[in-house]
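Q: attaching a predicted model along with its sequence, questions to come.
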Amino acid sequence: MEDCIFCKIASGEIPADVVYSDDQVTAFRDLNPQAPTHILVIPRCHIATLNDLQPSDEAVVGRMYGAARDIASAEGLAEAGYRTVMNCNEAGGQTVFHIHLHLLGGRMMHWPPG
Ligand code: AMP
């Protein structure tokens, strides 16, 4: 989608610190990390929010989680643990309207989140 920063990262138009990429998803380090490891896993196709997810998109969301699992393992986070979270719309804290799974690790996570 035109004017979507994450579409531009997925296409390579805007640089990012990419840690994983395949035909369905791309993952890159967050510019403003909230943990020692903070990676965003995004679908290559534009889906604005979780509310916009169609049944036909469910496979790509499964791929996002599979990629997050593999990246967590590659980053050495799997055994200690890590958090995955997807924010939706304003009250959920979403600021970029192309769905993304935050993968956070390398420190103790708190609950409930803020
Ligand atoms: P959210 O608030 O859930 O929409 O998360 C958006 C995330 O994208 C934030 O953690 C930002 O720091 C991150 N972000 C925004 N632009 C970029 C970028 N160009 N490269 C990497 N991370 C970004």
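A: Nice, thanks for sending it over. Everything numeric here is computed off the predicted structure, so don't read it as measured data.

Q: now I42. Its backbone dihedrals?
A: phi -130, psi 150 (degrees, to the nearest 10).

Q: for the closest residue to it other than its chain neighbours, give me phi and psi.
A: Leaving aside its sequence neighbours, I42 sits nearest to H100 (C-beta to C-beta, 6 or more residues apart in numbering; 4.6 Å). (C-beta placed from N, C-alpha, C; glycine too.) As for H100, its main-chain torsions (degrees, to the nearest 10) stand at phi -150, psi 140.

Q: could you pick out the longest helix of this structure?
A: helix 58-74 (DSSP state H).

Q: now do the buried residues in stretch 74-89.
A: 75, 77, 82-84, 87 (16 or more other C-beta atoms under 10 Å).

Q: what residues does this protein put near the ligand?
A: Among all residues of the chain, those adjacent to the ligand (criterion: C-beta under 6 Å from any ligand atom) are 5, 16, 28, 30-32, 40, 87, 93-96.

Q: repeat that with 5 Å
A: Residues of the chain lying close to the ligand (C-beta under 5 Å from any ligand atom) are 30-32, 87, 94-96.

Q: which of those are buried?
A: Buried, going by 16+ other C-beta under 10 Å: 30, 87, 94, out of the residues of the chain next to the ligand.

Q: can you list those residues in TSV and add secondary structure and pLDDT?
A: Listed next are those as TSV, based on DSSP: H, G, I helix; E, B strand; the rest coil; pLDDT from 0 to 100:
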residue	secondary structure	pLDDT
D30	coil	98
N87	coil	98
Q94	coil	98
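
Q: from those, pick the one nearest A68.
A: A68 lies nearest to D30 out of those, by C-beta to C-beta, at 13.2 Å.

Q: the closest one contacts P36, doesn't it?
A: No: counting by C-beta atoms under 8 Å, D30 does not reach P36; the two are 11.4 Å apart.
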